[in-house]
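Asker: dropping the sequence and predicted coords here.
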Amino acid sequence: MADIPDELIKLERSAVEAHAKLTGLDGEAYGEQWKAWRTAAEDFQAAVAAYAAREDVAMSRYKVEQAVKRAVRHPQPEG
């Protein structure tokens, strides 16, 4: 797997955690958490786009995003 910057991993984890907190909420609490999730997701997407645009990165934005999501959502056991 490609080397993925820790910052991208942290941003995606934050978005996943914010999304999970939507469960069971309704009304104003849901709206506030939805905004937090959307902000976290937007921050992740912006960071992925900036990283993929660097000249030293050979992967497309899509491949960077997929690699990060795979690393966060389906971590490989260490060792």
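Answerer: Happy to help now that I have it. Residues are numbered from 1 along each chain as shown.
Asker: could you give the number of residues near Ser60?
Answerer: When neighbours are counted by other Cβ atoms under 10 Å, Ser60 registers 10. For every residue, glycine as well, the C-beta is placed using N, CA and C.
Asker: how close does the closest residue to it other than its chain neighbours get to Lys21?
Answerer: Leaving aside its sequence neighbours, Ser60 sits nearest to Ala52 (Cβ to Cβ, 6 or more residues apart in numbering; 6.3 Å). Noted for Ala52: a distance of 28 Å to Lys21, by Cβ to Cβ, to the nearest Å.
Asker: one step back: what helix or strand is the residue nearest to Ser60 on?
Answerer: Taking DSSP states H and E as the criterion, Ala52 maps to helix 27-53.
Asker: could I get the buried residue list for that helix?
Answerer: Neighbour-count burial for helix 27-53, counted by 16 or more other Cβ atoms under 10 Å, picks out 33, 36-37, 40-41, 44, 47-48, 51-52.
Asker: where in the protein is pLDDT low?
Answerer: 1-2, 79 (pLDDT under 70).
Asker: would you turn the buried residues of helix 27-53 into TSV with distance to Glu78?
Answerer: Shown next, in TSV, are the buried residues of helix 27-53 (distance: Cβ to Cβ, whole Å):
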residue	distance to Glu78
Gln33	32
Ala36	30
Trp37	29
Ala40	26
Ala41	28
Phe44	24
Ala47	25
Val48	24
Tyr51	24
Ala52	27
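Asker: between those residues, which sits nearest Gly27?
Answerer: Taking Cβ to Cβ as the measure, Gly27 lies nearest Gln33 of these, at 10.7 Å.
Asker: so the closest one sits right up against Leu25, yeah?
Answerer: Yes. At 5.5 Å, Gln33 counts as touching Leu25 under the criterion of Cβ atoms under 8 Å.
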